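In: I'd like to go over a predicted model; first the sequence, then the structure.
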Amino acid sequence: MSKITQLKLQTKNKERVNVHLDGEFFCGLQAETVIKHSLKVGDDIEQDELTLLQFESEKQMAFNKVLNLISKRQKTQKQIQTYLSDKYYGQKTIDYVIAKLKEYNYINDELFAKNYVLAYCHSKGKKRLKQELLLKGVGIKIIDEVLSNLEEQDEVVKELVQKYMKNKEKSSKTMTKLYAFLMRRGFSYDEIKPFLKGYEE
């Protein structure tokens, strides 16, 4: 049995309350749930009971919030988990939402990776795409598989070089900056080198 030592409205969401048990943060609850079950500072309560209250009162609300989120832009599983965690939803609620999203095929990291590569392969190289997908939580196996199907980017590099060099002088300093620019975009030395020759002094 634990004791409720603090009930505090969240700063960013006045409809939610942070619940502290025995002096430590335990979970976030809807203010309506706190009122409905007459939870007060000083009350004794089982942690399992509080976890169940949290889950039952928040699972549909959390699901609806995520639906609104992904209706604007596709997200990876990790991004959704982080989003819900940042809003203090419990792990049981997060697991429920993720399972429902997978059931309806609303999250699909492989499809996310394919769409992401398709959208940015005209301005970024494989290294940059891989790094960004990793940061978004896509698994390395999925990333490598998706990138293996990406065609050679010679024309992409050529176009970026032409745009960068437009109205610039052909100097060693400019070439150094061009090379650094293309490397930041995620292209390899072997991809870049053939397109630098025509601009060298």
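Out: It's in.
In: tell me the centre residue of this protein?
Out: Nearest residue to the geometric centre of the chain (Cα atoms, centre = their mean): Gln79, 3.1 Å.
In: okay, that one: pLDDT?
Out: Looking at Gln79, its pLDDT reads 96.
In: can you show me the CA trace of the host helix or strand of it as PDB?
Out: Following DSSP states H and E, the helix or strand that holds Gln79 is helix 77-86. Once side chains and other backbone atoms are set aside, the C-alpha atoms of helix 77-86 remain, and they are given as PDB (Å, rounded to 0.1, in the frame of the first residue of the first chain):
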ATOM      1  CA  GLN A  77       6.500   3.600 -33.600                       C
ATOM      2  CA  LYS A  78       9.300   5.200 -31.600                       C
ATOM      3  CA  GLN A  79       8.000   8.700 -32.300                       C
ATOM      4  CA  ILE A  80       4.500   7.800 -31.100                       C
ATOM      5  CA  GLN A  81       5.900   6.100 -27.900                       C
ATOM      6  CA  THR A  82       8.000   9.200 -27.200                       C
ATOM      7  CA  TYR A  83       5.000  11.500 -27.800                       C
ATOM      8  CA  LEU A  84       2.800   9.600 -25.400                       C
ATOM      9  CA  SER A  85       5.500   9.200 -22.800                       C
ATOM     10  CA  ASP A  86       6.200  13.000 -22.900                       C
END
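In: gap between the helix or strand just after that helix and the chain center?
Out: Beyond helix 77-86 on the C-terminal side, the first helix or strand identified by DSSP H and E is helix 91-103. Taking Cα atoms, centre = their mean, to the nearest Å, the mean C-alpha location of helix 91-103 is offset from the chain mean by 16 Å.
In: what helices or strands is the longest helix seen in the chain leaning on?
Out: In the chain, with assignment by DSSP state H, the single longest helix is helix 47-72. Packing partners of helix 47-72 (3 or more Cβ pairs under 8 Å, 6 or more residues apart in numbering; DSSP states H and E): strand 16-21, strand 24-30, helix 31-36, helix 77-86, helix 91-103. Placement of C-beta: from N, CA and C, glycine included.
In: now distance to Lys59 too, for the ones you listed, in CSV please.
Out: Shown next, in CSV, are the helices and strands packed on helix 47-72 (distance: least, Cβ to Cβ, whole Å):
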stretch, distance to Lys59
strand 16-21, 15
strand 24-30, 11
helix 31-36, 12
helix 77-86, 11
helix 91-103, 5
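In: most packed of the ones you listed?
Out: Mean neighbours per residue, mean count of other Cβ atoms under 10 Å, is largest over the helices and strands packed on helix 47-72 for strand 16-21, with a mean of 20.
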